[in-house]
Structures are given as structure tokens and as C-alpha cells.
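*Asks:* Starting from these lines, generate the structure:
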Amino acid sequence: MIKKILKIQSVGRFSSFASRNDDLSFKQTTLIFGYNTYGKSTLTAILRSLKEGNSSYINGRKSFGKTNPQEVEILYDDSSKNIFDSSWENKDIEIFDNDFILKNVFYGDSINEEQKSSLYGILIGDEVRKLKKNIDKAKLEQTGLDKEKKIIKSKVIGKGFTDFDFFISTKKEDGIDNQIKNTKNEIKQQENLSNLKELISKTPIKSNFYNFKEEFLKTLDVEVEKTVDRHIKENWKDITSSRDFLSDGLERLKKDGNCVFCGQGLSEVKDFINDLQSVFNEEYKKLKESIKNFGDGFINIDLEKIFLQFEKYGLDLKDGLDYKKLEDAKEKIDQIVKDKQSDLSKLIDFNENPDFIIFLEELGKLSKIFNNINSQLVETALKTNLLKDQLKKQEITKYRFLEEGVKIYNEYLKNEGFLKKKKEEILKLNEEITEKVNKIFKDNEEKINFFLTELGANFKLKNLSPKSHMGLANTHFCDFCFVVDNTHEVKISNKKRKGDPEPENEAHFKNTLSDSDKRLLAFAFYLAKLSNDTELSNKIIVLDDPFSSFDENRKEETIKLLKELKNDSGDEPKQKIILTHDKGFLCRLFTKLPKDSKVLKIHFSQTDGSSLELCDVENDFIKGDYFKDIEYIKNSIENSTDINEALKKARPCLEHILKRKYYFLLDSETLKKKSVGSYLDKIDEVCPVKDEILNDNWHEDMHDSHPIMILNEPAKIKKLERLLKLLEEI
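*Replies:* Purely as a prediction, here's the structure:
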């Protein structure tokens, strides 16, 4: 319990407050009165800073124009202290103020996701929080077991065995080594088929050589080329030089022109020029090149090499044909090709050539073999993959029952057992939390509605329920709506999407609840929070103007609830600190609180700033001017002091009591005059002491020259004594 605020320096209005007066010590219930701007909110901010251990609430309220460091020192009833920026934290403080409202209930005119999430936290209570801590602990332990499980799995996966589930489920098999050997052989056979398919797709011996035969049917007159060859042999120094020289000359030669080199006429060598043009024309060059390419391609077919490539993958093509016959035919055809390449004028018809016919017949015997292999390849890829999967499982089975595999298996079973128990524990805790949370929200709806009813609200909560959304920043939150006058259901918001404007043509939180209703709702949530608090007996409750904007009836009910403040177990808070700027509320609350309650007030001066002082509620606020004046007159009579001043207070006292005694007999015009004489005229004979009042001239102002004022003092005292008797008779 806070015993005293020892010091506040350079914080808001409290520029240099230090308390050495024991009269300023706090009690179990402490009221603090302060006019607006005097520093009431500063005191609340200091206590919130203390609750949250957050210095920014104080740092942001540095007193203007003050250079002294900020200091706050709070003393407790056990002699311990909280000193700002040193030992500055006390979580056993619960505060109701604007900050509580903004963070937990509504912001401006809306209740958003942050407030809904905070309300969820307020309502679930300490018991659920403890269960959640147990879940968090269990989940942390589960995470550790999951990591351990991954490490165990990695020992198997690191061996290249990715199917860990099969490693766990496989059974021991006899002859596993032979099974592995046989599967590997099958895979090799299947892979050979794939390789054979690749060879077949590329090998030249599966061709029918149609284009080859067609090209070799073509012929050219080669005599012109012989003429050019003779010319080169007879006239060129280097007969191996490129013939491009002759080709370039022909391209530069004008039609019927002279030699491009010497300028002489060419009529005598016209036939030679024509031969050159024949040799170097495009058709001649293309055919010659084609015969060379087709011929070289055929000659380069190396039957022995090709057959060895197939044999490498288990296919001996020689078994399907007469290889010697094929080889002899190929050799003879090669010679024919070479002859054709040397003499393009030769006519070669391979369709009639017996050696070529033999060559094609022998190769044709391979077609059936090739087609058979290609047909098998439709299933080869699938079968190969299945065999590889089978081999991997066989290898896993072998490893599983080796010493190392048995050890890993046992580690896994042990880990799996712990994980199962941990998951069951978490599931049970979650079920327990779900059950408790649902009950808590149901109970809190009843509780909040009770407080709303007690505070005179015309609305209640409906469907107060817990919600969860993993996609939101605030995963857990609560939702509810309002029922106004027990008939009309009103939503918090009618927005379709988060960024949409609020439709003002429909009822919702903003346009249905008044400012007083909204603050009352926040206060009801706060009271529900306190009633849920199992540690309330250890808590300091701070309320900063809890009734702000409340009407008189709501203020009266607030006083009642504050007086009876308890949790569900019937425990009262360790201490209640209530700050207010409302004198009427302070007076009503003071009269209903225990006698040992303490009331302080904030005093402010321009020179010294704000400070706490003892507040005499009875004299400072409860007693009106009338009672003070009566006491002043009585004291003057008894002590024979300040008689003239007492006489001046006589008429206002008489006016006050007449007005209250005969209020319903006085019309508004008479009341406006505020005159004893006019009151007596209206009251007339109803007042039994009317004549005495008039005879003693009490209806007149007691100015310095008034007849009564010039009487001697004993006579004045007698006059005042008669006045008190008149007041008593009225």
C-alpha cells in the first residue's frame, strides 16, 4: 500500500513538491481532489509509469522552464520505496483513466482490433493466463522434441535414405543381400534398354538410304572440268592453289569484254571461258558438293564400331544377320561411291546394284530387333523408377537391421513416445482453456451487464465471445454487439471491409451510444476486470475521474459500486486511490466512505507549482456559504468579535432560509429580485415571524450608516441573538 508520495520534482505542474507532513500520508481509501490543470492527470501518469515500469510517461511531462532533474519518490507502508529511474516498477497497480479506455475499450468513436484484443486479455483472467503459460511451456518442450526428432531423421537421411517412414515400418527379411543384387541387375537391364533406344535413334544403319540412292542417280558432263584441270597444269606454277582466282575473274568479266588483268581480247579463248563458266556455275558446284557429302557419309559408316556400341549394352546385332556378307557388300559399295566422287558423269543406280540390295536386305533384318526394343521402352522408364524405389527400400531394410539402424530406431521410438504424451498434454490444456474461456466470456457478459444496469445504462452486451484469427496481428480477440432498450440490436460496426467508411445510415457504436454511455461501458469492463482479479487483495486501485460525463444518478451508482468494490472471492483491493475534479462527487463519496479514509487536495501556485495538501471536505466543500455565515455570527456573539461583519451577514442568511422554506410560494420574478422584503410581501401572513423581521429592519442592507450599525456593541449582540432565534423559528 502506498503510504506517501515523498517527492515529485520537474514533472508537469509538480515542479518542486516534497512531503514532510505525516498528515499527507495515504490510507486504504484515499481521495485526491484537484481542479483541472492543477496536476491530477500528472499524478495518474506517474502511477501508470510505475505500473508499467515505463519512464516515458514521466519524461514526456517535464515541467516547462525547469532545469532540475525529474525526481519521484514513493514510500510504502512496509517502508520500501520506489524511486524514479532506479527501482521503478510496481505491477500491482490497476488504473482506470483515459489511457485504459483508449488502449482497451474504444478509440475515438470506434472499437478496433487492438481494443478487441486488449479486452480479450482483460477478460480471460489470471487462471487462463496460467494455463496458457503451461501450454507455452509444453509447446516449447514439444519444439525441443521436434528438433530432436529431426536430428534422428537426419542420421538416416544423411545415408541417402529419404523415406524415413519406411525405415521405421520395414520388417526384417532373409536374403536381403541377394534381393539387392538381383534388383541391381534388373535396373541395369532396364537402363541398357534406354541406352539402346538412344543408339537406335541416332544410328545410320536403320536408314533406308533413299536420299543417298536418289542423289547418286544424278550425273554431270565432266569434260569441261578436265579442260580446266589441263589449263591449270600447263599454266600454273602451283597447281594446288585455290581456284577462287578463276572464279573471281569470271565474276569481274564484262560480257564480250577483254581480260580483266591485261585488257586484251578474249575471242580466241572463248571456248575455254565457257568451260570455266560451266565449272563454276551454282548447279555444278551444288551437285559436286552433294555427291561428296552423301558419299563421305556412307563411307564413314563404321559397321564394326556401331555393332560394338550395341554390344556394350548387351545387344549383339551380328546374331541377327550375315555380318560377313554385309561387310563385303559395304566394302564394294564404298568403292562405287569413291568412283562416283571422282567421275560425276558416271550413272549409279543403287536400286539395281546387287551389292546394295544385299546391304539393305541384311540391315533390314535388324528392323524387327529395333522395333521390339522401342516397344519395350514405353514401360522402361516407369519400370526403372519402380526398380530403383524397390532397391532403395531393400537397402533401407538392410540398414534398418544393422547395429547403427537398430540404435536409431530405438531413439526414434523413445522420442515419439515423449512427443505423443506432450501432444496429448497440450490438447488437454487447450480443451481446458477453451472450456474455461467460453465460461469466462459467458460469466463476464452477465457481470458487465450487471454493472451496466447498476450504472443506469439503457443498453447491454450480447454475444460476448472469444475469437481467433491466425492471419491477424492480434490473433486472439473478443467480439460482441449491443442491445438497446432490450429490443434493438446494434453492431459495433457495419463496415463490409476494414478500410471502408462507416455507413452512417445504420445504427452502430458511434452513433448510438452517447459519450457518457461509452465511458460507462469502459468503466463496466474495468469493474469486470477487477472482479476477475484473484490477486485483488494485493492490488492498488487508481481511478481518475471514473464518472466524467456521468449524470447525477450515474454518479450516485458509481459511488455505491466503488464503496462495495470486491472480486468474485469477496476480497477487497489493498488500496483505493480516487482522483476527481468534481466537488459534488467528492462530497457524496466522502460521506459514504469509512471514517479512516484520507482526502487530499492539489494546491497550485504560480511560484511553487502544485503540491498535495490535507483537504477538510466538511469545511472546504460540504458546508455552503449559509452555514459558514451562521457559524460566523454565532462565533461573533460568543466571542464579542467582528460584530459589524456579522451584522452584514444577517440579511443574506435570512434571505437564504426564507427562499428554501417558502420556495414553492415564490414565483420566478420574486426569486430574481433576491430581496427579503419582496419575499415577505409574497409570503405575507404564512411566515409567523414576518412582523419581527420587519420591525428589526433585517430586510435592509446593513450599510455603515444603518441605525443598527450605530448601536453600541451589547445592543448589536442582542440584535444578532434575536436573529438566530428568528431563523430557528422559521
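*Asks:* burial measure for residue 517, as a count.
*Replies:* 20 (other Cβ atoms under 10 Å). Heads up, the C-betas are built off the backbone N, CA and C, glycines and all.
*Asks:* Check residue 591 and give its pLDDT.
*Replies:* Looking at residue 591, its pLDDT reads 79.
*Asks:* Next: residue 729.
*Replies:* 86.
*Asks:* Now do the strands in the stretch 351-500 of the chain.
*Replies:* 459-468, 476-484, 488-490 (DSSP state E, counting those that start in this stretch).
*Asks:* Give me the angle between the longest helix seen in the chain and strand 459-468.
*Replies:* With secondary structure taken from DSSP state H, the chain has its longest helix at helix 403-454. Relative orientation of helix 403-454 and strand 459-468, computed by axes from the mean of the first three to the mean of the last three Cα atoms, to 10 degrees: 170 degrees.
*Asks:* Centre of the chain to helix 403-454, how far?
*Replies:* 23 Å (Cα atoms, centre = their mean, to the nearest Å).
*Asks:* Just say which of the strands of the stretch 351-500 of the chain is most tucked in.
*Replies:* Across the strands of the stretch 351-500 of the chain, averaging neighbours per residue (mean count of other Cβ atoms under 10 Å) puts strand 476-484 on top, at a mean of 18.
*Asks:* quick check: angle from that strand to strand 459-468?
*Replies:* 160 degrees.
*Asks:* other SSEs contacting strand 476-484?
*Replies:* Applying 3 or more Cβ pairs under 8 Å, 6 or more residues apart in numbering; DSSP states H and E, one finds that strand 476-484 makes contact with helix 113-157, strand 459-468, strand 488-490, helix 509-512.
*Asks:* can we see that at 10 Å?
*Replies:* Judged by 3 or more Cβ pairs under 10 Å, 6 or more residues apart in numbering; DSSP states H and E, strand 476-484 is in contact with helix 113-157, helix 403-454, strand 459-468, strand 488-490, helix 509-512, helix 515-532.
*Asks:* helix or strand for residue 32, which one?
*Replies:* Using DSSP states H and E, residue 32 maps to strand 29-33.
*Asks:* Now do that strand: distance to the chain's middle.
*Replies:* The answer for strand 29-33 is 42 Å, by Cα atoms, centre = their mean.
*Asks:* Please apply the same query to stretch 484-494.
*Replies:* 30 Å.
*Asks:* Alpha carbons only: can I get it in PDB?
*Replies:* C-alpha atoms of stretch 484-494 as PDB (Å, rounded to 0.1, in the frame of the first residue of the first chain):
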ATOM      1  CA  VAL A 484     -30.600  -1.100 -26.600                       C
ATOM      2  CA  ASP A 485     -33.800  -0.900 -24.600                       C
ATOM      3  CA  ASN A 486     -33.900  -4.700 -24.600                       C
ATOM      4  CA  THR A 487     -35.200  -4.700 -28.200                       C
ATOM      5  CA  HIS A 488     -32.800  -3.100 -30.700                       C
ATOM      6  CA  GLU A 489     -29.600  -5.000 -31.600                       C
ATOM      7  CA  VAL A 490     -26.700  -2.700 -32.600                       C
ATOM      8  CA  LYS A 491     -23.400  -3.800 -34.000                       C
ATOM      9  CA  ILE A 492     -20.000  -2.400 -33.200                       C
ATOM     10  CA  SER A 493     -19.500  -1.600 -36.800                       C
ATOM     11  CA  ASN A 494     -21.400  -2.200 -40.100                       C
END
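*Asks:* Which residues outside it are in contact with it?
*Replies:* By Cβ atoms under 10 Å, 6 or more residues apart in numbering, the residues outside stretch 484-494 that reach it are 106, 110-112, 115-116, 457-460, 462-463, 479-483, 500, 502-513, 517.
*Asks:* One more: stretch 130-146?
*Replies:* Outside of stretch 130-146, the residues within contact range by Cβ under 10 Å, 6+ apart are 124, 415-430, 432-433, 436-437, 476, 534.
*Asks:* Pull out the buried residues from that stretch.
*Replies:* Neighbour-count burial for stretch 130-146, counted by 16 or more other Cβ atoms under 10 Å, picks out 131, 132, 135, 138, 142, 145.
*Asks:* Mind pulling the model confidence for the last one?
*Replies:* Right, the one you point to is residue 145. 95.
*Asks:* Quick check: it vs residue 115, distance?
*Replies:* 38 Å (Cβ to Cβ, to the nearest Å).
*Asks:* Would you map the helices across the stretch 201-350 of the chain?
*Replies:* 210-216, 223-235, 244-252, 270-279, 282-299, 303-312, 323-342 (DSSP state H, counting those that start in this stretch).
*Asks:* I'd like to know which of the ones you listed is closest to residue 611.
*Replies:* helix 303-312 (105.6 Å; Cβ to Cβ).
*Asks:* The closest one - contacts with which helices or strands?
*Replies:* Checking 3+ Cβ pairs under 10 Å, 6+ apart, helix 303-312 ends up next to helix 176-202, helix 323-342, helix 367-400.
*Asks:* ok, residues contacting it?
*Replies:* With Cβ under 10 Å, 6+ apart, helix 303-312 has contacts from 192, 195-196, 199-200, 202-205, 302, 315-318, 321, 323, 326-327, 330-331, 363, 366, 369-370, 373.
*Asks:* List the buried residues of the strand holding residue 32.
*Replies:* 29, 30, 31, 32, 33.
*Asks:* Switch those residues over to CSV; also include pLDDT and distance to residue 550.
*Replies:* CSV is the format used below for these (pLDDT from 0 to 100; distance: Cβ to Cβ, whole Å):
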residue, pLDDT, distance to residue 550
29, 94, 20
30, 95, 21
31, 95, 17
32, 95, 19
33, 94, 17
